[in-house]
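Undergrad: got a sequence here, can you model it:
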Amino acid sequence: MKEADELVDVLNLGRLERVPEATMGVSLAECVPSRLEILPVRGTIRDIAGLPDDTAYVRRDHDDSLRAKVAPVVGGASGIVTLISESTAGKKRSAWEAIRWTRPGEPDPWMADWWLMPSISPSDPRELLDSLGKVGPRTAIWLPKAERYFKEPGAGVGNKIAKVLRELLHDAERGPVLIITTLRTKFWRLLTAQPSEGKDLFPHVRLLLAGSSVVVPDTFSGVEEDRALSCADPRLAEAVSRAEAGRVIQYLVDVPDLQERYDTAGAGERAILDCAVDALVAAHGPWLPLDLLEAGSALHLSSGARSGLGDRWFSDAIDELTRRGNGGRSVLVEREAAGGPRFYRFDDYL
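TA: Down below sits the predicted model:
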């Protein structure tokens with residue numbers, strides 16, 4: 001009897017060891033958005049007391065489709081969802097709200113007892129690969145800008161990560177798990193394209209992502225704009241009223257960035273900006289030719305300052321001022337006539 005009891009104990013121990021608990025990452029209850037690369041989106045309003053770091057969440061038209069993909073995972077079946085957009089559109093925020101959603105009539109979020117990994121995003125791809133073997137049940141694997149993990153072709157680390165994730169999705173003893181990825185459209189097309197002429201660059205990535213897409217529109221629909229205006233958050237009302245063609249998220253992301261870039265411009269950039277302001281005051285019109293900016297900005301620098309900036313200071317400064325932010329906007333907008341000179345103007349907000 002003693003030997004039989006010992007055998008049962010061994011079998012039970014082995015069974016328990018094959019059903020791991022989630023030990024990687026951070027509990028969803030303790031997680032904050034900044035761990036997941038969800039940075040505060042504030043618009044331009046700063047001086048109203050009591051406003052939280054981030055804006056209120058506006059329910060988007062794609063949220064139902066997103067929750068429909070998450071629901072089976074909450075019910076016990078592992079799965080993957082990929083949020084896709086052309087540009088900055090609030091993909092991470094949508095995913096964050098989806099996993100924290102509370103069913104009507106229930107007191108707690110439907111994934112309240114889940115874990116998130118990596119504990120802070122982004123993760124090094126090789127560190128992520130090494131840690132996936134320790135993932136246990138009720139874990140959401142958070143992979144925004146997933147091209148950072150998957151884009152290395154062939155037998156590289158990207159396909160290895162995708163292969164392990166596919167195995168994890170089919171491992172009932174370690175589930176349920178939810179894999180959350182976000183991609184811009186161009187990377188989705190690259191990673192899911194069918195191989196041509198026998199050359200398959202991303203086989204496991206393509207198979208992992210198949211059927212997982214949820215498209216996040218780049219612009220707010222009219223209904224979404226109405227929802228934003230009905231919120232008590234004044235930053236949303238500002239964004240809806242000022243954003244071009246429904247690009248509300250891009251306005252919230254880019255406008256504070258534009259203001260900060262203007263306020264913290266380097267010496268060469270500041271000289272160009274001051275020259276542009278002088279030209280506007282002198283009624284030159286909004287579009288300013290390159291040669292005017294080059295000649296005028298030099299007058300805003302002392303000879304010592306110019307020598308300290310180097311020979312390429314003007315072209316480097318123009319490159320920085322025309323660099324597009326995450327929402328697609330730049331401090332200076334460039335227009336190049338066919339076969340003619342280049343012209344520049346301030347972004348509409350500035």
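Undergrad: for stretch 76-95, how far is the first residue from the last?
TA: Here the two ends of stretch 76-95 are set 19 Å apart, with distance taken as CA to CA, to the nearest Å.
Undergrad: gap between the residue nearest to the spatial centre of the chain and Thr182?
TA: Among the residues of the chain, Lys92 comes closest to the average C-alpha position under CA atoms, centre = their mean, at 5.4 Å. According to CB to CB, to the nearest Å, Lys92 and Thr182 sit 6 Å apart. For every residue, glycine as well, the C-beta is placed using N, CA and C.
Undergrad: what's the overlap in contacts for the two?
TA: Taking CB atoms under 8 Å, 6 or more residues apart in numbering as the criterion, Lys92 and Thr182 both touch 83, 144.
Undergrad: got the contact list for Val70?
TA: When the contact criterion is CB under 8 Å, 6+ apart, the partners of Val70 are 79, 81, 98-99, 101, 111, 178.
Undergrad: let's see it at 7 Å
TA: Counting by CB atoms under 7 Å, 6 or more residues apart in numbering, Val70 makes contact with 81, 98-99, 178.
Undergrad: how about the host helix or strand of it: buried residues?
TA: For Val70, the element it lies in under DSSP states H and E is helix 63-74. Within helix 63-74, the residues that count as buried by 16 or more other CB atoms under 10 Å are 63, 66-67, 69-70, 73-74.
Undergrad: quick one: that helix to chain centroid distance?
TA: For helix 63-74, the separation from the chain centroid amounts to 20 Å (computed by CA atoms, centre = their mean, to the nearest Å).
Undergrad: can you check stretch 207-219 too?
TA: The gap between the average C-alpha position of stretch 207-219 and the chain average comes to 14 Å, counting by CA atoms, centre = their mean.
Undergrad: let me see the domain layout of the protein.
TA: The chain resolves into domains spanning 18-215, 265-346 when parsed by automatic domain parsing.
Undergrad: can you give me the strands in the stretch 51-200 of the chain?
TA: Chain-ordered strands for the stretch 51-200 of the chain, with DSSP state E, counting those that start in this stretch as the definition, fall at 79-85, 115-117, 139-143, 177-184.
Undergrad: okay, these in JSON lines with distance to Cys231, mean pLDDT and mean neighbour count next?
TA: Supplementary listing: those in JSON lines, determined by distance: least, CB to CB, whole Å; pLDDT from 0 to 100; neighbours: other CB atoms under 10 Å:
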{"stretch": "strand 79-85", "distance to Cys231": "22", "mean pLDDT": "98", "mean neighbour count": "23"}
{"stretch": "strand 115-117", "distance to Cys231": "27", "mean pLDDT": "95", "mean neighbour count": "25"}
{"stretch": "strand 139-143", "distance to Cys231": "26", "mean pLDDT": "97", "mean neighbour count": "26"}
{"stretch": "strand 177-184", "distance to Cys231": "24", "mean pLDDT": "97", "mean neighbour count": "25"}
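Undergrad: one step back: pick the most buried one from the domains of the chain.
TA: Burial among those, expressed as mean neighbours by mean count of other CB atoms under 10 Å, is greatest for domain 18-215, which shows a mean of 17.
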